[in-house]
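A.B. asks: Sequence plus predicted model, see below.
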Amino acid sequence: MKEDRATGMSASHGCTDEMAVVESFKEALKQRVGIDRFRMWFTHGVSFAFDSDTKSADAANADATTELADASTGLSESILPSHVFPRRAVVVRVRGAFALDRLKKNYLRELRGAAMAACGASLDIRFVLENEPAIQTSLLPDDGRNENDSKANGAGEATAAQANSVQRVDQATASQTTSSQTTSRRRGSARSIGNVMTEGGASRRAPRRASAAPRADQPAQLALELDANEAPKEGSPKVHNSGMTLADFIPGSCNQLASAAANMVCQNPGSASPLFLFGSTGVGKTHLLNAIAQQFRRYHRMRTVMVLTAEQFTNDFITSVSATGLPAFRRRYREVDALLVDDVQFLESKRATLREMLFTVETLAAAGRPLIFTANQSPSEIPGLTRELAGRMVSGLVCPMQPLDSSTRKQLLMRLINKSCPLAWPEETVDEINMMLSGDARMSSGVVNLVGMLQRMYQRMPTMSEIREFGGEMLRSQTPTVSLAAIERAVCETFGLQQQSLREAKQTRSITEPRMLAMYLSRQMTSAAFNEISRHYNQKSHTSAILAAKKVEQWIETGKPLGRGPSAMSARQALDRIESILRAS
C-alpha cells in the first residue's frame, strides 16, 4: 500500500492522510447512494483503501525513459506523458462473491463519483474478493508425518528429524486450535441457522468422513439429515422431540380431521400437499408437525426433512442477503425432500420473505415434495399474507384444530398424571380440575407438574384447597367467563343457525333441540336461575328450562343423535364442540 497522496496531486485535494481520504470517500459515497443503502451494502464485510500498481508503474517508467531519452532531458515530471505515472485506484475489498457481484453491477458509477469528490481526480475502481479461510481444528493426517519422516530418513537424520517434525506438528496443531477457538468465539454471535445445524451434526458424521476435508465454499446445510436409527442433532432449530409422535397424539372430536390427515400423509406423503393445520395455541399443531417429520425420516427414508418456524426462515433469508447470497439460500430450501414450516402467521407483511417463500413452495410443489404448514388462522384469514401464497397453501388440504374438548383433556390429564406424578389422582379431583382448564394442552401440563410437586412436598395427594392455594391464579385464568348470550352464539354456530333463531317461537326439530341444549348449558355454566333462562329464550315459564335440562341429560346417557344428515352428532359431541367454541372465544 502506497502513500495516500495521488501522484501529481496537491495536498489541497485532501489526500495527504490515508484515513482522512477514506473517510472523505465514504461520506461522498453515502451522499450518492443514501444512508440506508450505504448501511446495507458498504458497512459489513466491505473495506476501502487507495493503492496503485507499483509493478506497472516501474515498467511504465522504464519504457518511458527509453522512448524519451533525449526529449525528456531537462524536463520536469509535470510535463512527462501521463502513462509514466499511472493513476491511483480505489481498492474495494468485499467479503462474499454475491455482495461483490452486486456492487460491481449496481454501484460502480457511484464509487467513481465518490472517488472524484474525495481526491479531485478520476480513479480506477478495483474490486478484491476476500474469502473466509476454512477453520479446521482436527490434527494433521498421519500420512503427512510419514512423508516428513521418509524425507528425514533419506537425509540420514531419521531420529532427530522425526523428533523435530513431531514437535513442529504439535506446535502447529496447538496454534491452529487456539486460532480456531478464537475465530469461533468471534463468530459465535453472528452464526446463521445453517451453521448451527451443521455444527450439531458434524461430530456424528466425523468418524465416517474422517478423510474428507470440508470445503471452504460449501454452504451450510439447514436441512435435518437423519438416518432411521440416528438420533436428532443437537443445536438445530425445531429438533424433533421424542415425545411428539403419532402414538403420543390424542385424537378426539376437536382434532379428528387433522389427525386423519396426518395419518394419511404419513402413509402417502404426496396425497395432500400442501397440508395446512390451523388453530389456537396448545391444540397440537407443532406435535403433529414433528410427528409427520419423524415418519418421513424413519419409514420413507427421506434424508433432508426440514422442520423450522417461519421466524427462522425469515432470519436465515435476511442473513443470506448480506452474507452467503441468495443462490446458496435457495439451494438449501429448494433441494429438500420435505419442508415443514410452523407459525406461518409470522410472515405477514414481509414482502421480500413472502416472495421467497412463494417461489420455494412452487418449486417444491412442482417437484412433488411434501409441504406441511401450521398457523393460528387459515391462510385466507392471515392478514398481510399475499393472495398468491395463500392460494397455493389452500390448494392441498386445510384442517382446523379446535381447543381440546373435555374428553380429550381428560385423556391428556390421565397420561400426564401417569408420567409425572408419583401418586394417582382421585377421580373427582381429575374431573374438577378438567372442568377448570381450557383447551390449551400446555396449561394442562403445567397444572399436572404443580400437583406432582405438591405430592412430593406433602408426601400425599393434596386437597383441592391446597391446589387452589398454589395454583389458583393459573386455574382462575383458564376458567372462561360465560354468559347466556355467549352460549346462544356458540350453539347457533355449532348447528349452523342464524343469530336469534333460538328465541323464535318455531317448534321445528332443528330449532327445539339446539334450544334445549342451550338452556341445559346455561344452567350448567352460569349462575342464572331457571326463570331467567326461560325469559332469555322467550319461553312461557321456568318449567321449560327445567324440562330441557332433564331431556338433555337423557340424551347424554342414551347417545341420542342431534340434527340430520351429515351434520348429525351425538349430544356429547355437540356439548364438547360448544364448550370448545366458548373457551376459544
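C.D. replies: Received, thanks.
A.B. asks: Okay, now the unreliable bits of the stretch 1-150 of the chain?
C.D. replies: Within the stretch 1-150 of the chain, the stretches with pLDDT under 70 are 1-17, 52-87, 131-150.
A.B. asks: Can you show me the strands along the stretch 201-350 of the chain?
C.D. replies: Ranges of strands within the stretch 201-350 of the chain are 224-225, 275-279, 304-309, 338-342, based on DSSP state E, counting those that start in this stretch.
A.B. asks: could you dump the ones you listed to CSV with mean neighbour count and distance to Q499?
C.D. replies: Any C-beta I mention is one placed from the backbone N, CA and C, and that applies to glycine too. Shown next, in CSV, are those (neighbours: other Cβ atoms under 10 Å; distance: least, Cβ to Cβ, whole Å):
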stretch, mean neighbour count, distance to Q499
strand 224-225, 22, 48
strand 275-279, 24, 24
strand 304-309, 22, 38
strand 338-342, 25, 35
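A.B. asks: Do you have the strands of this protein handy? List them.
C.D. replies: With strands called from DSSP state E, the chain shows them at 46-51, 89-94, 124-129, 224-225, 275-279, 304-309, 338-342, 371-375, 397-401, 561-562, 569-570.
A.B. asks: re earlier: of the strands of the stretch 201-350 of the chain, which is nearest L582?
C.D. replies: Closest approach to L582 among those (Cβ to Cβ): strand 275-279, 15.4 Å.
A.B. asks: Going by neighbour count, list what's buried in stretch 552-570.
C.D. replies: Residues of stretch 552-570 classed as buried: V552, W555, L562, G563, M569, S570 (neighbour count, 16 or more other Cβ atoms under 10 Å).
A.B. asks: Could I get the buried residue list for stretch 253-267?
C.D. replies: For stretch 253-267, by 16+ other Cβ under 10 Å, it's S253, C254, N255, L257, A258, S259, A261, A262, N263, V265, C266.
A.B. asks: Need the pLDDT of A390.
C.D. replies: What the model reports for A390 is a pLDDT of 93.
A.B. asks: And the buried residues of stretch 253-267, which is closest to R298?
C.D. replies: Set against R298, the nearest of the buried residues of stretch 253-267 by Cβ to Cβ is C266 (9.8 Å).
A.B. asks: What separation is there between the residue nearest to that closest one when sequence neighbours are not counted and L111?
C.D. replies: Nearest residue to C266 in three dimensions, chain neighbours excluded: Q295, at 4.0 Å (Cβ to Cβ, 6 or more residues apart in numbering). Taking Cβ to Cβ, to the nearest Å as the measure, Q295 falls 54 Å from L111.
A.B. asks: do the same with W425
C.D. replies: 73 Å.
A.B. asks: coming back round to it: of the buried residues of stretch 253-267, closest to E473?
C.D. replies: Nearest to E473 among the buried residues of stretch 253-267, counting by Cβ to Cβ, is C254 at 25.8 Å.
A.B. asks: For that closest one, which non-adjacent residue is spatially closest?
C.D. replies: Nearest in space to C254, with sequence neighbours left out and distances taken as Cβ to Cβ, 6+ apart, is Q402 at 4.0 Å.
A.B. asks: How about A571?
C.D. replies: Per Cβ to Cβ, 6+ apart, closest to A571 is W555, 3.8 Å.
A.B. asks: got it, and A518?
C.D. replies: Spatially, and ignoring its direct neighbours in sequence, A518 is nearest to V491 (4.4 Å; Cβ to Cβ, 6+ apart).
A.B. asks: want to throw the strands of the stretch 201-350 of the chain into CSV with distance to A485?
C.D. replies: Putting the strands of the stretch 201-350 of the chain into CSV (distance: least, Cβ to Cβ, whole Å) gives the following:
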stretch, distance to A485
strand 224-225, 49
strand 275-279, 24
strand 304-309, 38
strand 338-342, 35
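A.B. asks: Quick check: buried residues in stretch 114-133?
C.D. replies: Buried, per 16+ other Cβ under 10 Å, within stretch 114-133: A114, A115, A117, A118, C119, L123, I125.
A.B. asks: For the residue nearest to C266, give me the pLDDT.
C.D. replies: Model confidence at Q295, expressed as pLDDT, equals 93.
A.B. asks: That one and V283: what is the separation?
C.D. replies: Q295 sits 20 Å away from V283, going by Cβ to Cβ.
A.B. asks: which of those two has more neighbours?
C.D. replies: Legend: neighbour count by other Cβ atoms under 10 Å for Q295 and V283, higher for V283 (27 against 20).
A.B. asks: Quick check: closest non-adjacent residue to that one.
C.D. replies: What sits nearest to V283 in space, not counting adjacent residues and going by Cβ to Cβ, 6+ apart, is M401, at 4.3 Å.
A.B. asks: just N376 next, same as before
C.D. replies: Using Cβ to Cβ, 6+ apart, the closest residue to N376 is Q345 (5.5 Å).
A.B. asks: surely the residue nearest to C254 meets A258?
C.D. replies: No. With contact defined as Cβ atoms under 8 Å, Q402 does not reach A258; the gap is 9.4 Å.
A.B. asks: shared neighbours of those two, anything?
C.D. replies: G279 (Cβ atoms under 8 Å, 6 or more residues apart in numbering).
A.B. asks: got the contact list for V94?
C.D. replies: The contact partners of V94, by Cβ under 8 Å, 6+ apart, come to G45, V46, L100, L103, F127, V128, L129, E130.
A.B. asks: err, A529, not the other one
C.D. replies: H542.
A.B. asks: got any ranges where this protein has weak pLDDT?
C.D. replies: For the chain, applying pLDDT under 70 flags the ranges 1-17, 52-87, 131-243, 476-481, 564-567, 583-585.
A.B. asks: can you rerun that using 50?
C.D. replies: Along the chain, segments meeting pLDDT under 50 span 1-16, 53-87, 134-240.
A.B. asks: is it true that G471 touches V447?
C.D. replies: Yes. Taking contacts as Cβ under 8 Å, G471 lies within contact range of V447: 6.3 Å.
A.B. asks: picking up where we left off before, what about the residue nearest to C254, how many neighbours?
C.D. replies: Using other Cβ under 10 Å, Q402 has 24 neighbouring residues.
A.B. asks: go on, G45?
C.D. replies: Residues lying near G45 (other Cβ under 10 Å) number 16.
A.B. asks: The residue lying closest to it once chain neighbours are set aside: neighbouring residues, count only.
C.D. replies: Excluding the flanking residues, the one nearest G45 by Cβ to Cβ, 6+ apart is R95, at 3.5 Å. As a burial measure, R95 scores 16 neighbours (other Cβ under 10 Å).
A.B. asks: Equivalent analysis for M519, please.
C.D. replies: 30.
A.B. asks: Spit out the contact partners of it.
C.D. replies: Contacts for M519 were tallied using Cβ under 8 Å, 6+ apart; they are I533, S534, Y537, S544, A545, A548, A549.
A.B. asks: I'd say the last one and L521 touch.
C.D. replies: Spelled out, it's A549. No. In this structure, A549 is not within contact of L521 by Cβ under 8 Å, at 9.5 Å.
A.B. asks: More neighbours: those two, which one.
C.D. replies: More crowded of A549 and L521, by other Cβ under 10 Å: L521, with 26 against 18.
A.B. asks: Report the contact partners of that one.
C.D. replies: Listed by Cβ under 8 Å, 6+ apart, the contact set of L521 reads I487, V491, L575, I578.
A.B. asks: how about a cut-off of 10 Å?
C.D. replies: By Cβ atoms under 10 Å, 6 or more residues apart in numbering, the contact list for L521 reads 482, 484, 486-488, 490-491, 533, 548-549, 552, 574-575, 578-579, 582.
A.B. asks: From the residues you listed, pick the one nearest T512.
C.D. replies: Nearest to T512, judged by Cβ to Cβ, of the contacts of L521 is A548 at 9.1 Å.
A.B. asks: right, and the closest one touches T512 too?
C.D. replies: Yes. Judged on Cβ atoms under 10 Å, A548 makes contact with T512 at a distance of 9.1 Å.
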